[in-house]
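**Student:** sequence plus predicted model, see below.
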Amino acid sequence: MKRIWLMAAVMILALPASPAARAADDQAPQSYTKAEYDTFQAAVNEKDATQRAKLHEDFIQKYPKSTLLPYIYRTAAYAYMELKNYPQAMRHADNLLAIGERVDKMQGLELARIEMYKTRATAFYLAFNQRQITTAEQLQQGRDEVTAGLQYVDQWKKPETLTDEQFAQEVKGLRILFNTDGGIAALQQKDYKAAVDFFRASLAVNAADPVNSYRLGLAYLQQEPPQFMDGVWAVARSIALKMQGEAQIRTYLKNQLLRHQNPVCGSLIDAQLTELITLAAGSADRPAGYSIPSRADLDKTLQENGTVDAIVTGLKAGGDTAKLIWLASCGAEFPELGGKVFEVTAADNSVVLKVFTASNEEAITAGTEPNLEVHVDGEPRAKLFKKDDLLAFSATLKSYTPEPFLLVVDKVKVREDTLPPEEKPAKAPPKKAPAKKRPPVKRP
């Protein structure tokens with residue numbers, strides 16, 4: 001915004017300091033008195049911005065029909081910009097713009113309308129950031145003026161003072177500014193679809209703008225129903241573009257994912273968040289095939305792939321299939337699983353069994369290598385399992401490793417009738433009776 005404001009200042013400095021004097025020099029007909037002209041000159045030449053603004057207001061009140069008012073409106077707008085009184089700057093810019101095409105034919109004001117559209121839009125942006133926009137009317141006026149400004153830019157002819165490159169850059173800057181203001185106003189008015197249009201138009205000119213990417217994301221996500229994927233993509237892109245306040249925005253985005261997916265294994269959200277931000281860094285537009293499944297999607301997937309065989313097959317497939325299957329099944333509880341033991345590792349009060357599992361006993365018996373790691377806590381008899389023993393148990397899916405494939409389960413409860421019997425303590429050898437002492441032999 002500072003660059004745009006400086007461009008406006010450059011344009012104004014290129015014009016004569018006294019437009020009225022220029023008219024006089026060109027022997028144009030004058031329609032003001034000397035006293036009126038002297039009052040005008042005192043106002044525009046005052047160095048102190050506060051006093052300059054006051055002199056402008058005095059002139060407008062004293063000469064409400066003066067032909068010098070367009071010049072006064074323009075310089076008054078700049079005086080209030082200098083004072084950071086943005087509502088007053090907008091008011092005077094609006095006064096000049098309300099005159100319309102007639103301004104273009106006034107000497108020294110050939111660029112005044114584009115200047116005032118820019119000044120008004122800049123003032124609106126700064127006023128909004130500093131909470132000087134307080135009414136619904138101000139929001140609507142801001143939106144109306146930037147819409148008019150966009151229309152004006154479409155037919156604005158290149159000034160002779162600008163090169164083709166300068167003109168192209170100026171037009172780009174104006175489109176960014178006007179569309180940004182329009183999006184801000186529409187967002188505050190809860191006209192989210194219009195806000196999307198404004199912010200997308202701004203990003204079409206500058207795709208690397210993190211703030212407007214974030215605002216675009218908000219506009220998508222606050223629609224009814226929310227446009228979830230477009231919204232989180234735009235917010236993720238703002239993070240990738242290093243927007244200020246990244247930590248808070250990352251938390252906001254993570255919460256959006258959690259509400260959308262409501263995963264049983266909450267840790268899976270972090271991986272999806274990282275992937276989303278990484279992908280969004282490369283493009284402002286979301287690839288058509290990329291999506292993040294909702295809770296309803298995951299429930300449907302688990303319903304269609306709810307057996308242990310289907311889950312193992314899906315996870316072994318890798319790629320998007322494995323990703324979706326695991327999002328759906330991680331944390332799922334299985335009340336009845338069967339398996340054949342391959343390895344037993346005991347430590348403290350925990351036993352880890354390497355087991356082959358399948359959906360039927362015949363397949364389990366035929367298994368040749370483990371595909372399941374079973375963590376049994378608080379059951380010492382589990383350490384008594386031997387290779388090829390069969391067991392039945394309930395468990396919760398915890399994690400998996402793709403290579404070598406191994407599905408990990410915990411919260412295991414082994415069915416009592418499949419546990420090995422307790423070891424009987426070894427019998428102690430019978431105690432030997434002490435040898436009887438022989439009575440002493442009496443010698444004669």
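**Tutor:** Right, received. Where do you want to start? Every value quoted in this text rests on a predicted model; they were computed, and no experiment measured them.
**Student:** list the contacts of stretch 59-79.
**Tutor:** Residues from elsewhere that reach stretch 59-79 (CB atoms under 8 Å, 6 or more residues apart in numbering): 12, 19-20, 31-32, 36-37, 39-40, 43-44, 49, 52-53, 56-57, 88-90, 92-93, 95-96, 99, 103, 106, 108-109, 112, 115-116, 119-120, 123. From N, CA and C alone the C-beta is placed, and that goes for glycine too.
**Student:** report the buried residues of that stretch.
**Tutor:** Of all the residues in stretch 59-79, those buried under the rule 16 or more other CB atoms under 10 Å are 59-60, 63, 66, 68-79.
**Student:** stretch 253-261 too?
**Tutor:** Buried residues in stretch 253-261, counted by 16+ other CB under 10 Å: 253-254, 256-257, 260-261.
**Student:** helices of the stretch 201-350 of the chain, start to end?
**Tutor:** If DSSP state H, counting those that start in this stretch is used as the criterion, the helices of the stretch 201-350 of the chain fall at 210-221, 228-240, 246-261, 268-281, 295-304, 308-317, 319-329.
**Student:** distance to K158 and mean pLDDT added to those helices, as a markdown table?
**Tutor:** Converted to a markdown table, the helices of the stretch 201-350 of the chain look like this (distance: least, CB to CB, whole Å; pLDDT from 0 to 100):
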| stretch | distance to K158 | mean pLDDT |
| --- | --- | --- |
| helix 210-221 | 26 | 98 |
| helix 228-240 | 33 | 98 |
| helix 246-261 | 39 | 96 |
| helix 268-281 | 36 | 96 |
| helix 295-304 | 52 | 95 |
| helix 308-317 | 59 | 95 |
| helix 319-329 | 51 | 95 |
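**Student:** turn those helices into TSV, including distance to S202.
**Tutor:** What follows is the helices of the stretch 201-350 of the chain, written out as TSV (distance: least, CB to CB, whole Å):
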stretch	distance to S202
helix 210-221	5
helix 228-240	12
helix 246-261	19
helix 268-281	17
helix 295-304	32
helix 308-317	42
helix 319-329	33
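**Student:** show me how the record splits this structure into domains.
**Tutor:** Annotated domains of the chain cover 2-206, 297-328, 331-418 [automatic domain parsing].
**Student:** which of those comes out lowest on mean pLDDT?
**Tutor:** Per-stretch mean pLDDT for the domains of the chain is lowest at domain 2-206 (a mean of 88).
**Student:** isn't W156 right next to V171, touching?
**Tutor:** Yes. W156 is in contact with V171 according to CB atoms under 8 Å; the separation is 7.5 Å.
**Student:** which residues do the two both contact?
**Tutor:** Common contact partners of W156 and V171 (CB under 8 Å, 6+ apart): none.
**Student:** residues of the longest strand seen in the chain that come out buried?
**Tutor:** When the chain is parsed with DSSP state E, its longest strand is strand 333-347. Buried residues in strand 333-347, counting neighbours by 16+ other CB under 10 Å, are found at 334, 337-342, 344.
**Student:** tell me which two of the residues you listed sit farthest apart.
**Tutor:** Spatially, the most separated pair among these is F334 and V344, at 21.0 Å (CB to CB).
**Student:** which of the residues in stretch 165-181 are buried?
**Tutor:** In stretch 165-181, counting by 16+ other CB under 10 Å, buried: 170-171, 173-181.
**Student:** restricted to strands, list those.
**Tutor:** Checked against DSSP E, these include nothing in strands.
**Student:** will you turn the residues you listed into a markdown table that also has distance to P380?
**Tutor:** Rendered in a markdown table, the data for the buried residues of stretch 165-181 read as follows (distance: CB to CB, whole Å):
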| residue | distance to P380 |
| --- | --- |
| E170 | 80 |
| V171 | 79 |
| G173 | 75 |
| L174 | 77 |
| R175 | 74 |
| I176 | 70 |
| L177 | 73 |
| F178 | 75 |
| N179 | 70 |
| T180 | 68 |
| D181 | 72 |
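**Student:** now, among those, which is nearest to K383?
**Tutor:** T180 (67.4 Å).
**Student:** so what's G149 up against?
**Tutor:** Counting by CB under 8 Å, 6+ apart, G149 has contacts 117-118, 120-121, 174, 178.
**Student:** ok, E275 - how many residues close by?
**Tutor:** For E275, the count of nearby residues is 14 (other CB atoms under 10 Å).
**Student:** gap between it and S291?
**Tutor:** 12 Å (CB to CB, to the nearest Å).
**Student:** state the distance from the residue most central in space within the chain to D285.
**Tutor:** Nearest to the geometric centre of the chain sits V235, at 1.7 Å (CA atoms, centre = their mean). Computed as CB to CB, the V235 to D285 distance reads 14 Å.
**Student:** V341 too?
**Tutor:** Taken as CB to CB, the span from V341 to D285 is 53 Å.
**Student:** now do L391
**Tutor:** Distance of L391 to D285, given as CB to CB: 52 Å.
**Student:** so between those two, which is more surrounded?
**Tutor:** When L391 and D285 are compared for neighbours, L391 comes out ahead with 24 against 13, by other CB under 10 Å.
**Student:** quick one: strands adjacent to the helix or strand where that one lies?
**Tutor:** According to DSSP states H and E, L391 maps onto strand 390-402. If you go by DSSP bridges, strand 390-402 pairs up with strand 333-347 (antiparallel), strand 405-414 (antiparallel).
**Student:** sorry, back to before: which among the contacts of stretch 59-79 count as buried?
**Tutor:** Counted by 16+ other CB under 10 Å, the contacts of stretch 59-79 give 12, 19-20, 36-37, 39-40, 43-44, 49, 52-53, 56-57, 88-90, 92-93, 95-96, 99, 103, 106, 108-109, 112, 115-116, 119-120, 123 as buried.
**Student:** buried residues, stretch 297-307. List them.
**Tutor:** Buried-residue list, stretch 297-307, by 16+ other CB under 10 Å: 297-298, 301-302, 305.
**Student:** again but with stretch 80-88, I slipped
**Tutor:** In stretch 80-88, counting by 16+ other CB under 10 Å, buried: 80-81, 85-86, 88.
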